[in-house]
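Novice: Have a look at this prediction, sequence included:
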Amino acid sequence: MYDQIAEVRRILSGLGLNEAQGQTLISKTEFEVRMPKTSLPSRIRSAATWTFCVELLPGLIHSLRHNVSRKNYDVALFEVGRVFTNVNDQTKEHRSVAIAITGQRALPFWSGDERRCQV
C-alpha cells in the first residue's frame, strides 16, 4: 500500500501539483463550514469539539479560496489522506485522493516561440 501511495504522490508532483497536508481530526466548527449539508447519521461520532474528516476536497477548496483571495490564481493542489465514514454505526477508514486546480491552463513563458505577456 505504501508504494502505491508514494507512486501517486510522485506522479501528481511530476505533473506540477503541490501536495497539501490536511488534518484527519478537525474541529466541529470547521466541519460545519466545510460540510454544511452533511446529514447527522453520516457524520463520525467523536469527542465533544472534534470530528474526523469525511472528505478531502472541502479542505482543498478552502486552500484554493485562501490563495485566490491573495491574488494567487494559479494553484494546483492534491491531497492523499485518510477519510472516515460511518457504516452501520461503525467507523470505517480508507485512503482517498483529491485534486483541486484553478488558474491558467499553461503558465506564461518568458522566452521562446510560446512567449506571452501576463496582464
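Specialist: That came through fine.
Novice: can you pull up the bridge partners for Gln90?
Specialist: According to DSSP bridges, the partner residues bridging Gln90 are Val87.
Novice: Look up how far Ala100 lies from it.
Specialist: 30 Å (C-beta to C-beta, to the nearest Å). Bear in mind the C-beta positions are built from the backbone N, C-alpha and C, glycine included.
Novice: Between those two, tell me which one has more neighbours.
Specialist: Counted by other C-beta atoms under 10 Å, Gln90 and Ala100 do not tie: Ala100 has more neighbours, with 21 against 7.
Novice: mind listing what the more buried one touches?
Specialist: When contacts are counted by C-beta atoms under 8 Å, 6 or more residues apart in numbering, Ala100 touches 57, 60-61, 63-64, 75-78.
Novice: got the CA positions of the strand or helix carrying Val97 in CSV?
Specialist: If you go by DSSP states H and E, Val97 is part of strand 90-102. Output for strand 90-102, consisting of C-alpha atoms alone and laid out as CSV, is shown next (Å, rounded to 0.1, in the frame of the first residue of the first chain):
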residue,chain,number,x,y,z
GLN,A,90,-19.2,1.5,12.8
THR,A,91,-16.4,3.9,11.7
LYS,A,92,-14.6,2.8,8.6
GLU,A,93,-11.3,4.3,7.5
HIS,A,94,-9.9,4.4,3.9
ARG,A,95,-7.4,6.3,1.8
SER,A,96,-8.6,8.9,-0.6
VAL,A,97,-7.0,11.2,-3.2
ALA,A,98,-8.4,14.7,-4.0
ILE,A,99,-7.2,17.2,-6.6
ALA,A,100,-8.1,20.9,-6.9
ILE,A,101,-6.8,23.2,-9.7
THR,A,102,-7.5,26.8,-10.6
